[in-house]
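Undergrad: mind looking at a prediction? Sequence and model below.
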Amino acid sequence: MGSPLSPVIAKFFMEDFEKKAVEQATHKPTCWYRYVDDTFTIWPYGRERLTEFLHHLNGLHSNIKFTMEIEEESHLPFLDVDVYKGTDTKCTGNLHTPTFT
């Protein structure tokens with residue numbers, strides 16, 4: 001990764017990898033967002049199928065390995081921000097981050 005072009009090439013590679021990985025998957029995530037080497041995914045099919053999707057991703061290329069964190073108590077850390085599900089009646093089903101005053 002010493003060349004100035006390395007990050008650009010890596011970005012193009014990962015975009016192509018992700019597109020093919022999601023297209024080939026039996027069950028597809030509701031959303032998939034990536035920032036550098038972190039992805040935020042919403043998965044509506046349950047944990048068993050999520051594990052199958054992780055195995056699918058990790059079986060596509062010998063040098064690309066994904067790990068995952070699963071929300072706990074409606075919270076998930078992502079890029080040093082706590083993302084959580086709304087709990088009041090106006091926000092149920094929405095994602096939020098803490099509000100600082």
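TA: That came in fine, so what should we check first?

Undergrad: run a quick neighbour tally on residue 53.
TA: 22 (other C-beta atoms under 10 Å). The way it works is simple: take the backbone N, C-alpha and C, and place the C-beta from them, glycine included.

Undergrad: can you give the domain ranges for the chain?
TA: Per automatic domain parsing, the domain ranges recorded for the chain read 1-70, 72-101.

Undergrad: pick the most deeply packed of those domains.
TA: Highest mean neighbour count of those: domain 1-70, a mean of 12 (counted as mean count of other C-beta atoms under 10 Å).

Undergrad: point out where this structure drops to low pLDDT.
TA: 1, 87-93, 100-101 (pLDDT under 70).

Undergrad: can you pull out the helices in it?
TA: For the chain, the helices defined by DSSP state H occupy 6-24, 47-58.

Undergrad: compare those helices and give me the one nearest residue 67.
TA: Among the helices of the chain, helix 47-58 comes nearest to residue 67, with 8.2 Å by C-beta to C-beta.

Undergrad: was I right to think residue 68 contacts residue 54?
TA: Yes - between residue 68 and residue 54 there is a contact at 5.8 Å, judged by C-beta atoms under 8 Å.

Undergrad: distance of the closest residue in space to residue 41 that isn't next to it in sequence relative to residue 57?
TA: For residue 41, the nearest residue in space outside its immediate sequence neighbours is residue 29; the separation is 4.5 Å by C-beta to C-beta, 6 or more residues apart in numbering. Between residue 29 and residue 57 the computed distance is 11 Å (C-beta to C-beta, to the nearest Å).

Undergrad: overlap in contacts, the two.
TA: Common neighbours of residue 29 and residue 57, counting by C-beta atoms under 8 Å, 6 or more residues apart in numbering, are absent.

Undergrad: can you pull the contacts of residue 9?
TA: Per C-beta under 8 Å, 6+ apart, neighbours of residue 9: none.

Undergrad: equivalent analysis for the one 10 residues further on, please.
TA: Remark: with contacts taken as C-beta under 8 Å, 6+ apart, residue 19 is in contact with nothing.

Undergrad: lovely, talk soon.
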